[in-house]
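K.L.:
Sequence isn't available, so here's the structure alone:
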């Protein structure tokens, strides 16, 4: 039976489909404003004409490469190609500016492949058990989990505690825009329909990272040329350096992969949150945490492996219960149903060839991603040779069209402008950007789950500690908050003459 | 020159106060004392708190932070370039729907490239090429409906 | 069995199309000359999205032009529906107008009504379910209602936002049975999937989302289907009784998905779309797609659809007023 599966997965036609999907995913992921979800949604009409196994292979390969390829524009242009790359975009971009773009991208690529493989191995081994736990999470547990993620915000931020906290509050405030879940009241929408659903994440990110970068760049156009680095490393040297990084931090890569898979398996938490949490934890336990945010290859390795591992994790609840872990698997479930296959516990018994083929495709896609990724990296790093005076207008156009593409409305471009100016100012005065981004991502999840929980419990706060998992998560979160308060009190009491750095 | 932490502190405090104040007008949920206004209030008050802290640290610092690098002959170009970028975004956002993608993208690119002192024929070629590249990637390949605007009669 | 059913449905559909085609043979031959935007007011991965993407790809084969699906989510459907209604009525923007066009204006979300769009053809009818967790002590809708009567406000239900269609299903059912519409408290959720997750995690007691959404989990035994708010049982889940059989009031409620154009869409364009839509919905591809989701093929052209939407608006309005959500 296993050989049959191998034959299907490794059949030339299937390999061609995986290869094509890899190129396609690489391209869409690298284009700013287009997410892995969008790539898969565009793929659906094509999968209709494919057999189930090639169809699933195509989806898997597209997602895997799209998540990696998000790093390409993140590293080179400081535009995270997909939200999953936002956690370490500052590091990757700083490395690129220091002339190490290829090293950083190779690290992304290799760790993405490793993370992806580890993710699928875990998926194969423990999918059913993992799904059991994930599925018993109600709004109470999700609330605590998101709070835990938010606590990472303070750890990822580089500035002083008041400034990190201010950044977080800015993010939370942005997340408050739009209709609220409890009574449906429109907040801070100024009568615009497009803001009813809140400020979309991709335009916000494009503004905060890319637009502010363009603004900074055009102000140093007439600085002497030697301050601008055009050089790219030799391919061999970059590859060697990247491999050295992976071998230097085996624990980071391994640990982040496992963590990424676990986070991905939780319904509602996808590759982006996996990357943030792994990045923050790695920073916490790193030997040189001060490098994080300023070009840490260790950070790139942590985030890069975690977000690709999360893709495998997200399939866990999808396969076992037919409940999607993220929007990509939601579409994939639709495709499976279309093929007459019903995801659920029985799928492991009824269609073992399908699940094995899924795992097989995951492995093949992750391996095939490496050569395709190398090609993409080589092609794209030529961007660095283009002078700033040319790059700035082009990036600006891509940013605006990318924002328009995801939201389908001009409001997205205004969001880019407003949040871009805000991001520019924040960087200028030393307020870190990362906590704000995390606040935008998690603010909504926290508020929605808090309100839903409170409606359920009719305002009884103790309900947050009633359930078993909820209590454990709650105690961990509150404990961490206690530590943070202590840390900030210490910082304030001894740091009167300190300046931000 | 005033310490920039002071300005930041004032801005954050003001913005936070407005945000929290606005939230007080939101309705509450049936039978409870809070509702949609709770989280905006928390975020707003958090901003006020941080703003005040940043303001205080700013006031405590000596206000002599004049950067010596900026004392040379100062050029206006950085400011002009930055304003041009902002103006481009405003023009693009206002013009995209009525005028169409091509009619706004091309002049934005051309003007910026010329402003950044690219030779005119290179700028012209680049602007045409990039406009069509974006058209091809987003419209033709990825099926994003970029508006045609004025060019609707020749849309393809 | 399903195959035979499909063939049967297909055959009747072809008959219908032939009829429509002869009636409209004089004109209705407008064709798009470039890409058409297909607006979906709901997110990727959901039922409306899946149906619309399938229809869009079939229409694109039919017309030989790309149909680009754009998910304009937000504002509980207001954003997407406004985008459809206010688009230029030149035939290059169509969209999936759903049942919410008849609820949003009653609850005061928007001024938009079905008169601001041009319905073209019906795509799907989506009756609500009445689903509980697998460990739930209840085994029929009546048992749940009795428990709710005994202790009003103890049980909770979920499925959409406050005032969303599945909320109306539950509150309307309670109201029709002569009970307080809030006897089962409504817990807002961001959609069907999160609500079912809450149900499985024990966070709520009842979920009234579309039975087709809950179908997979019911088949696996993770959830228990107690009722189907429709007049006929669902072919894919024939053991679940309808509310029309079970309840004294015989309350039923179904959401619907249409393909519609903007307000003031030219008759010629509208009837060309109608013709094309009815044609592709009679193909075996469409039948297979519907069967995979456990749904039946429904065919309804513009005239019937207009009546249907109008009637639905009136009855939903009554429900919304009765349960005190009208503004």
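P.N.:
Structure's in. What do you need? Computed from a predicted structure; not experimentally measured. Numbers count the residues shown, from 1 in each chain, chains lettered A, B, ... in the order given.
K.L.:
Residue A:102 - that's part of a strand, no?
P.N.:
No: note on residue A:102: no strand contains this position according to DSSP: H, G, I helix; E, B strand; the rest coil, which reports helix.
K.L.:
need the contact list for it.
P.N.:
By CB atoms under 8 Å, 6 or more residues apart in numbering or on different chains, residue A:102 lies in contact with A:232-233, A:235, A:238, A:242, A:377-378, A:381. Just so you know, the C-beta spots here come from the backbone N, C-alpha and C atoms, and that holds for glycine as well.
K.L.:
Could you check which helix or strand contains the residue lying closest to it once chain neighbours are set aside?
P.N.:
Residue nearest to residue A:102 in three dimensions, not counting chain neighbours: residue A:238, with 3.6 Å by CB to CB, 6 or more residues apart in numbering or on different chains. Using DSSP states H and E, residue A:238 sits in helix A:235-248.
K.L.:
Over to residue C:118?
P.N.:
strand C:117-127.
K.L.:
try residue C:68
P.N.:
Here residue C:68 is assigned to strand C:67-71, by DSSP H and E.
K.L.:
list the helices and strands that strand packs on?
P.N.:
Counting contacts by 3 or more CB pairs under 8 Å, 6 or more residues apart in numbering or on different chains; DSSP states H and E, strand C:67-71 packs against strand C:36-40, helix C:47-63.
K.L.:
at 10 Å what do you get?
P.N.:
In terms of contacts (3 or more CB pairs under 10 Å, 6 or more residues apart in numbering or on different chains; DSSP states H and E), strand C:67-71 is packed against helix A:36-47, helix A:388-407, strand C:36-40, helix C:47-63, helix C:78-85, strand C:93-95.
K.L.:
Provide the contact partners of the last one at residue level.
P.N.:
Read it as strand C:93-95. Contacts to strand C:93-95, defined as CB atoms under 10 Å, 6 or more residues apart in numbering or on different chains, come from residues B:145, C:32, C:36-41, C:52, C:55-56, C:59, C:67, C:69-70, C:72, C:80-81, C:83-87, C:117-118, C:120, C:258-262, C:265, C:269-270, C:273, C:277.
K.L.:
Please list only the buried members of those.
P.N.:
Among the contacts of strand C:93-95, those buried by neighbour count (16 or more other CB atoms under 10 Å in any protein chain shown) are B:145, C:32, C:36-41, C:52, C:55-56, C:59, C:67, C:69-70, C:72, C:80-81, C:83-85, C:87, C:117-118, C:120, C:258-262, C:265, C:269-270, C:273, C:277.
K.L.:
Check whether stretch A:412-422 comes near chain C.
P.N.:
No: on the criterion CB under 10 Å from any CB of the partner chain, stretch A:412-422 is out of touch with chain C, staying 11.5 Å away.
K.L.:
can I assume residue C:129 sits in a helix?
P.N.:
No: under three-state DSSP, residue C:129 sits outside any helix and is assigned strand.
K.L.:
How much space separates it from residue C:148?
P.N.:
In this view, residue C:129 and residue C:148 are 17 Å apart by CB to CB, to the nearest Å.
K.L.:
go on, residue B:60?
P.N.:
From residue B:60 across to residue C:148, the span is 62 Å (CB to CB).
K.L.:
And residue C:274, by the same measure?
P.N.:
Distance from residue C:274 to residue C:148, by CB to CB: 44 Å.
K.L.:
cool, residue C:243 as well?
P.N.:
Residue C:243 sits 15 Å away from residue C:148, going by CB to CB.
K.L.:
same question, residue C:95
P.N.:
38 Å.
K.L.:
So those two - more neighbours on which side?
P.N.:
residue C:95 (26 against 23; other CB atoms under 10 Å in any protein chain shown).
K.L.:
if I look at that one, how far off is chain A?
P.N.:
Distance, residue C:95 to chain A, by CB to the nearest CB, to the nearest Å: 11 Å.
K.L.:
Tell me the pLDDT of residue 52.
P.N.:
Let's take chain A. For residue A:52, the model assigns a pLDDT of 79.
K.L.:
meant chain C, my bad for not saying
P.N.:
The model's pLDDT for residue C:52 equals 92.
K.L.:
Same question for the one 10 residues further on.
P.N.:
pLDDT, residue C:62: 92.
K.L.:
dump the residue contacts of the closest residue to it other than its chain neighbours.
P.N.:
Distances taken as CB to CB, 6+ apart place residue C:276 nearest to residue C:62, at 4.9 Å, with adjacent residues excluded. The contact partners of residue C:276, taken as CB under 10 Å, 6+ apart, are C:28, C:30-31, C:55, C:58-59, C:61-63, C:120-121, C:259.
K.L.:
Please name the nearest non-neighbouring residue to the residue in the stretch 51-200 of chain C that chain A sits nearest to.
P.N.:
Residue of the stretch 51-200 of chain C nearest chain A, by CB to the nearest CB: residue C:74 (2.5 Å). Once flanking residues are discounted, residue C:74 sits nearest to residue A:197: 2.5 Å by CB to CB, 6+ apart.
K.L.:
Tell me which residues touch the closest residue to chain C within the stretch 101-250 of chain A, please.
P.N.:
Relative to chain C, the nearest point of the stretch 101-250 of chain A is residue A:197 (2.5 Å; CB to the nearest CB). Listed by CB under 10 Å, 6+ apart, the contact set of residue A:197 reads A:177-179, A:189, A:407, C:43, C:72-76, C:78-80.
K.L.:
And residue C:242, its phi and psi?
P.N.:
phi -80, psi 160 (degrees, to the nearest 10).
K.L.:
and it, what is it in contact with?
P.N.:
Contacts of residue C:242 (CB under 10 Å, 6+ apart): C:127, C:130, C:141, C:227-234, C:250, C:252.
K.L.:
now, which of the residues you listed lie close to chain A?
P.N.:
Counting by CB under 10 Å from any CB, no member of the contacts of residue C:242 reaches chain A.
K.L.:
Okay, domains of chain B per the record?
P.N.:
B:4-70, B:77-154 (automatic domain parsing).
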